[in-house]
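In: heads up, no residue letters with this:
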């Protein structure tokens, strides 16, 4: 599990040495030759950022805020029960903050593959500046191949991720030691005094620029929390403290030692650490490592999308389950190609890793601040002393805000790009969520109470058709609109009616023993409620099969039943209270293009009958 965590969790932060110290040193030099004091200050700043933000905050504290083993923003929102919060309450405001945090991962997901692969391929320019024109086309080709590969699943790659990244961290450490031996004085930067003293004696604007660049060394740290459910707390901590942290510190200090001995190496100190005859091999290895880092963030975005769909934050999308193991378990075609467009657009628009560094960091720093805030509220909810939580999380929250402020000065240098992407995703999430509530309110007005169904079945039904009919119901109470339409037009009922509702709980996984809840309304009419966790695939056919196997639905032949599903057409109306009509139109568009209920919930295609209904919102 520790080996797997190396490849999935630490791919992003493990490739940060390609660009982080270089950008921080350039910010410290601010146009002139970088001095030894500046190099020591930058190395000390990066070291203590890794220790405070990644080691102390994430590895030791944030990883404790798990939801039955799962981590990430969505897991925190589930723990805080923000999904069902009443409008205007503090939990409802938390939901907005949390959804913004989740959306920021999409912005990060577009920038990470771009800057990682681009910075690796730029290593070609160290030995052959004439190859500069091929850097962007080669980067585009690698990224296109990466996104095309997603639909095949990443099982094979997933199996080699860990060993490759272990070799990568060994190379990082070896290069670092090679550099440190040239200037052992760099080890004095272990003291936090150098970082504080250097920042204090700089111009305010320069200090902020250095902080913003140094923050690039900790981007990717949020993956420790987001991927906790895949590997567990202990393997993630072990991989960090035993392998990743020592290797990263050695490499950053090696680069700093190189700049102390030769400040002219500032354009690419990572590749200059390597002996000349190994440069091209290191470029190829760096490209492989950055592809792994990119794959990890893409898989994370797929997982976040699935969780958001299950909890009602995004419209249903086609989700394909691949045959891979720990990562890449799902493939979301629409998200894959939108992410590909954003990533390729970033490469073409910015062109260099230096320019992309201006766009990178601002979204991640804001995401880290939101995570710290939500984790503090979870700790208080769990009974920890509010004063202790405020003191500890408040300390880290202030650090997060300082880094966010430092990255904010890069807003017009490209920082707007991931924020724009995150803003669009957050707006779609909030619009979808508000629209779903309006639709449910419209359904509730049309939905008959169960008493009417009983009255119809007992006294008003002219005939009972042989066989079993399953009606999908969006709510665990009342009569599904599809059943109301069926009776209204046909004046008959089947001998056996099963009303099926899928409920997604605020837990990652629900066991088979708790999956099915059976409610006998009257003989011949049964309500089945299927409970799934937000990390599971809600499949109605499998749920009914389980209920039959458990003896809860005797006498049912699942191959000989008909599923009736309602298909709703949303009509935005200005005279009906709700959202602005243009937002309702956007919601109607999303709803119209969402994955069909029958397909999403795994209903056998040949057994489905759809009933159309118009709903005004």
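Out: Arrived safely. Bear in mind that the values here come from a model prediction, so they are computed numbers and not experimental data. Numbering: from 1, shown residues only.
In: chain center to the longest strand seen in the chain, what's the gap?
Out: When the chain is parsed with DSSP state E, its longest strand is strand 492-504. Offset of strand 492-504 from its chain centre (CA atoms, centre = their mean, to the nearest Å): 35 Å.
In: Stretch 5-14 now?
Out: For stretch 5-14 - counting by CA atoms, centre = their mean - the centre lies 15 Å from the chain centre.
In: Look at it and report the distance between its end residues.
Out: 12 Å (CA to CA, to the nearest Å).
In: What's the mean pLDDT across that stretch?
Out: If you average the pLDDT over stretch 5-14, you get 85.
In: what's the answer for stretch 342-362, then?
Out: Per-residue pLDDT over stretch 342-362 has a mean of 88.
In: what do you get for stretch 393-402?
Out: Mean pLDDT, computed over stretch 393-402, is 92.
In: Which residues does that stretch contact?
Out: 52-53, 56-57, 61, 211, 365, 368-369, 372-373, 375-376, 379 (CB atoms under 8 Å, 6 or more residues apart in numbering). C-beta here means a position set from N, CA and C on the backbone, and glycine is covered the same way.
In: which of the residues you listed lies closest to residue 193?
Out: Ranked by distance to residue 193 (CB to CB), the contacts of stretch 393-402 are led by residue 52 at 15.0 Å.
In: Quick one: residues contacting that closest one.
Out: Residue 52 neighbours (CB under 8 Å, 6+ apart): 396, 399.
In: The helix or strand where residue 146 lies: how far from the chain's middle?
Out: For residue 146, the element it lies in under DSSP states H and E is helix 132-149. In terms of CA atoms, centre = their mean, the centre of helix 132-149 is found 24 Å from the chain centre.
In: other SSEs contacting it?
Out: With contacts defined as 3 or more CB pairs under 8 Å, 6 or more residues apart in numbering; DSSP states H and E, helix 132-149 has these neighbours: helix 90-121, helix 124-127, helix 279-310, helix 333-350.
In: So what angle separates the directions of it and helix 90-121?
Out: Orientation check (axes from the mean of the first three to the mean of the last three CA atoms, to 10 degrees): helix 132-149 against helix 90-121 gives 130 degrees.
In: Counting neighbours, show which residues of helix 132-149 come out buried.
Out: For helix 132-149, the neighbour count (16 or more other CB atoms under 10 Å) marks 135-136, 138-140, 142-143, 146-147 as buried.
In: model confidence over that helix, on average?
Out: 90.
In: what residues does that helix touch?
Out: 113-114, 117-118, 121-122, 124-125, 157, 287, 291, 294-295, 298, 336-337, 339-340, 343-344, 347-348, 351.
In: ok, now stretch 80-88?
Out: By CB under 8 Å, 6+ apart, the residues outside stretch 80-88 that reach it are 77, 91-92, 94-95, 98, 311-312, 374, 377-378, 381, 506.
In: First-to-last residue distance for that stretch?
Out: End residues of stretch 80-88 are separated by 16 Å (CA to CA).
In: still on that earlier bit, tell me the strands beside the longest strand of the chain, with direction?
Out: Paired strands of strand 492-504, with direction, are strand 463-472 (parallel), strand 525-532 (parallel) (DSSP bridges).
In: Measure how buried residue 160 is and give me the count.
Out: Close neighbours of residue 160, defined as other CB atoms under 10 Å, add up to 12.
In: OK, contacts around it?
Out: residue 7.
In: Next one: it from residue 22, what distance?
Out: According to CB to CB, to the nearest Å, residue 160 stands 28 Å off from residue 22.
In: do residue 423 as well
Out: 29 Å.
In: Neighbour count for these two, which is higher?
Out: Neighbours of residue 423 and residue 22, each counted by other CB under 10 Å, are more numerous for residue 22; the result is 26 against 15.
In: any weak-confidence spans in the stretch 401-550 of the chain?
Out: Under the criterion pLDDT under 70, no range of the stretch 401-550 of the chain is flagged.
In: so which of the contacts of stretch 80-88 is the most crowded?
Out: residue 77 (29 neighbours).
In: Not counting its neighbours along the chain, what's nearest residue 442?
Out: With sequence-adjacent residues excluded and distances taken as CB to CB, 6 or more residues apart in numbering, residue 442 is closest to residue 615, at 4.4 Å.
In: what's the answer for residue 78, then?
Out: residue 506 (3.7 Å).
In: Next, give phi and psi for that neighbour.
Out: phi -90, psi 40 (degrees, to the nearest 10).
In: Check which residues of the next helix or strand along the chain from the helix holding residue 146 are buried.
Out: Sequence order places helix 155-180 as the next helix or strand after helix 132-149, per DSSP H and E. Neighbour-count burial for helix 155-180 flags 157-158, 161-162, 164-166, 168-169, 171-176, 178-180 (criterion: 16+ other CB under 10 Å).
In: Repeat that for stretch 247-262.
Out: For stretch 247-262, burial by neighbour count (16+ other CB under 10 Å) applies to 247-260.
In: which of the residues you listed lies closest to residue 480?
Out: Comparing the buried residues of stretch 247-262 against residue 480 with CB to CB places residue 248 closest, at 55.5 Å.
In: pLDDT at that closest one, what is it?
Out: 95.
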